[in-house]
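Peer 1: I would like to see how this sequence folds:
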Amino acid sequence: MVKLSKHFTLDELTRTSVGLANVPSGEVVNCLRTVCAHVLEPVREHYGRPVLIHSGYRSAAVNKAVGGSPSSQHMQGEAVDFHVSGHTEYDVALWISENLDYDQLILEDFVPGIGASGWVHCSFARRNRGNDLTKFRGSKIYYPGIVLSP
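Peer 2: Numbering: from 1, shown residues only. Next comes the predicted model:
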């Protein structure tokens, strides 16, 4: 088992259900370590609860199979989708926006009025933009900020 940080393994951040190869390069593994250090571990430490990974690194084939953006930061190992056990995705995204340095933060597939809906997408890159957005379930629009309604 390859540990990327105290609480996260390479297996967790490369797991896929589409049955395609998903083996990152050494450079991508280093990027995953950086995401763990700057995003996942601070979230884990703050909440003191498991952080459950939905998607980390995606090979180009895996990214295409799951309908990811052709320019997805998941393919560089710079992004992770997750939720925190026992906490709403909205609250986690809001805490990240107020406390961490990041490139892009998206409260994705969120349903207004249902706090535990969707997931948190967060990326960390060489030059962080601090870009935060909300995408509501059923919509193709990304709204600026971490918001409760369109």
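Peer 1: tell me who's in contact with Val62.
Peer 2: Thr16, Val18, Leu20, Ala21, Asn22 (CB atoms under 8 Å, 6 or more residues apart in numbering). C-beta: built from backbone N, CA, C; applies to glycine.
Peer 1: farthest-separated two in those?
Peer 2: Using CB to CB, these span at most 10.1 Å, a distance reached by Val18 and Ala21.
Peer 1: which of these two has more neighbours?
Peer 2: The neighbour comparison of Val18 against Ala21 (other CB atoms under 10 Å) goes to Val18, with 13 against 9.
Peer 1: the more buried one touches Ala65, doesn't it?
Peer 2: Yes. Val18 is in contact with Ala65 according to CB atoms under 8 Å; the separation is 4.4 Å.
Peer 1: what is the burial count for Leu13?
Peer 2: By other CB under 10 Å, the residues close to Leu13 number 27.
Peer 1: surely it meets Val2?
Peer 2: No. With contacts counted by CB under 8 Å, Leu13 stays clear of Val2, the gap being 9.7 Å.
Peer 1: distance check, Val147 against His74.
Peer 2: Distance from Val147 to His74, counting by CB to CB, to the nearest Å: 24 Å.
Peer 1: the more surrounded of these two?
Peer 2: His74 (22 against 17).
Peer 1: secondary structure class for that one?
Peer 2: Under DSSP: H, G, I helix; E, B strand; the rest coil, the three-state class of His74 is helix.
Peer 1: surely it touches Gly68?
Peer 2: Yes. The pair His74 and Gly68 passes the contact test of CB under 8 Å, sitting 6.1 Å apart.
Peer 1: what touches both of the two?
Peer 2: Counting by CB under 8 Å, 6+ apart, the residues touching both His74 and Gly68 are Arg58.
Peer 1: residue ranges of the helices in this structure, please?
Peer 2: Counting by DSSP state H, the chain has helices at residues 10-14, 26-35, 41-47, 60-65, 89-99.
Peer 1: okay, those, which one's buried deepest?
Peer 2: Ranked by mean neighbour count, the helices of the chain are led by helix 10-14 with a mean of 20 (mean count of other CB atoms under 10 Å).
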